[in-house]
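Enquirer: Could you work out the structure for the sequence below:
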Amino acid sequence: MKSLFFLFFYLVITTNVSLIGSTQITPMISNTTKKTCLFHYWTVYIYNGIKDPITVHVQSGDDDLGNHTLATNDNQNWSFCEGVTFKTLFYAHFYWNSKIAFFDVYTEHISDTYCTEREYRKPGKCFWLVTEDGFYVGDHVRPYTKLHDW
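Expert: A predicted model of the protein is given here:
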């Protein structure tokens, strides 16, 4: 498990961040834009820890971020304001060779249990690591938790 944590830490440090935005999801551009949210502001990262490219398709009830092919050590991330009802939901389809997985990547339960703690006026972060044996989530500080298999 320690080697998995260090692999993920290495990926975060050495990877260029790709930003994705739409009308309701605002990209973070180094200090040129400041997002103001009524409640919490979140960024979710999905890292490819597999030696092959994977395709990820992220959606919510309001937004479709489309298909994104992630090379080894690449990531997809997006930022958003949490809804007033705290029922914000993002889900993703993952495609790797002949394998397919589909599950929620952001819910209130996931953010409360595995992501950075909610702090007033500070952005929350969730990190997903896709590996050959499954999908791990964490806050980049504590050990990651495997939530799904392929």
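
Enquirer: Just the buried positions in stretch 49-65, please.
Expert: The neighbour-count check on stretch 49-65 (16 or more other CB atoms under 10 Å) flags 49, 50, 54, 56, 57, 58, 60, 63, 65 as buried. From N, CA and C alone the C-beta is placed, and that goes for glycine too.

Enquirer: Now do the same contact list for the nearest residue to the third one once chain neighbours are set aside.
Expert: Okay, so that is residue 54. Counting by CB to CB, 6 or more residues apart in numbering, residue 54 lies nearest to residue 96, which is 4.5 Å off, once chain neighbours are set aside. Contact analysis of residue 96 by CB atoms under 8 Å, 6 or more residues apart in numbering lists 50, 52, 54, 55, 130, 150.

Enquirer: farthest pair in those?
Expert: Greatest spatial distance among the contacts of residue 96 (CB to CB): 55 and 150, at 13.5 Å.

Enquirer: returning to what we had before: which members of the contacts of residue 96 occur in strands, if any?
Expert: Those of those mapping onto strands are 54, 55, 130, per DSSP state E.

Enquirer: can you pull the contacts of the last one?
Expert: Translated: residue 130. Counted by CB under 8 Å, 6+ apart, residue 130 has contacts 46, 47, 48, 49, 50, 54, 70, 94, 96.

Enquirer: how does it look with 6 Å?
Expert: The contact partners of residue 130, by CB atoms under 6 Å, 6 or more residues apart in numbering, come to 48, 49, 54.

Enquirer: which one of those residues sits closest to residue 117?
Expert: Nearest member of the contacts of residue 130 to residue 117, counting by CB to CB, is residue 49, at 24.6 Å.

Enquirer: and the nearest residue to residue 82 once chain neighbours are set aside, how many residues sit next to it?
Expert: The shortest distance from residue 82 to any non-neighbouring residue, by CB to CB, 6+ apart, is to residue 40 (4.3 Å). By other CB atoms under 10 Å, 20 other residues sit near residue 40.
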